[in-house]
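Enquirer: Sequence and predicted model, in that order:
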Amino acid sequence: MPVVLSFDVTGAEASETARVRSFFERLGWEDLGANTFRYPRIGKPGVESPPEDWFNHVVPALMLFRAFALAAPHRVNSVTLDVNSSTGYRRASSYGTPPLGADEISLFEPHRSASAAYDEAGDGAWFALEEWLGEIRFPKPT
């Protein structure tokens, strides 16, 4: 049951939106074009689609998009999030996937892997995603 995110943003450099696309793809989302992404990816012959994993693939992608949308000088003109999904985790029955550390989350190769636009340092965008995931912390009381 898919999750589909579509957005229109102005004021972002092409390399920034390319990095967002690569991050979504690394988290197991399929790039449908025109800033539209679907999770999970539709299966392809000989390629198994990943199971739905909200803790480690959907929620981080939506958090990443929120951070991107708040970054100046971006201006989000429109966003739609369509969800027809059911997921869960039960420790006692080993059902589903618990929240995992950044080094344990399955990441996938984006289809633009050779593009310098999303990965200016050769592999910097991939490591930046893992670093970002690893730095997310629950806020301390003030």
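Expert: That came through fine.
Enquirer: for the chain, where's the lowest mean pLDDT among helices and strands?
Expert: helix 124-135 (a mean of 79; mean pLDDT, DSSP states H and E).
Enquirer: If you count neighbours, what's buried in stretch 29-45?
Expert: Buried positions in stretch 29-45, judged by neighbour count with 16 or more other Cβ atoms under 10 Å: 29-31, 35, 37-41. All C-beta atoms are positioned from the backbone trio N, CA, C, and that covers glycine.
Enquirer: Helices of this protein, start to end?
Expert: 14-26, 59-70, 124-135 (DSSP state H).
Enquirer: For my notes, please list those helices in a markdown table and give distance to residue 93 and mean neighbour count for each entry.
Expert: Below are the helices of the chain laid out as a markdown table (distance: least, Cβ to Cβ, whole Å; neighbours: other Cβ atoms under 10 Å):
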| stretch | distance to residue 93 | mean neighbour count |
| --- | --- | --- |
| helix 14-26 | 29 | 20 |
| helix 59-70 | 22 | 16 |
| helix 124-135 | 26 | 15 |
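Enquirer: would you list the ones you listed in a markdown table and tack on distance to residue 106?
Expert: As requested, the helices of the chain are exported to a markdown table (distance: least, Cβ to Cβ, whole Å):
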| stretch | distance to residue 106 |
| --- | --- |
| helix 14-26 | 10 |
| helix 59-70 | 12 |
| helix 124-135 | 12 |
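Enquirer: Quick one, which of the ones you listed gets closest to residue 7.
Expert: helix 59-70 (7.2 Å; Cβ to Cβ).
Enquirer: So for that closest one, mean pLDDT?
Expert: When pLDDT is averaged along helix 59-70, the result is 93.
Enquirer: and if you look at stretch 25-33?
Expert: Mean predicted lDDT for stretch 25-33 stands at 93.
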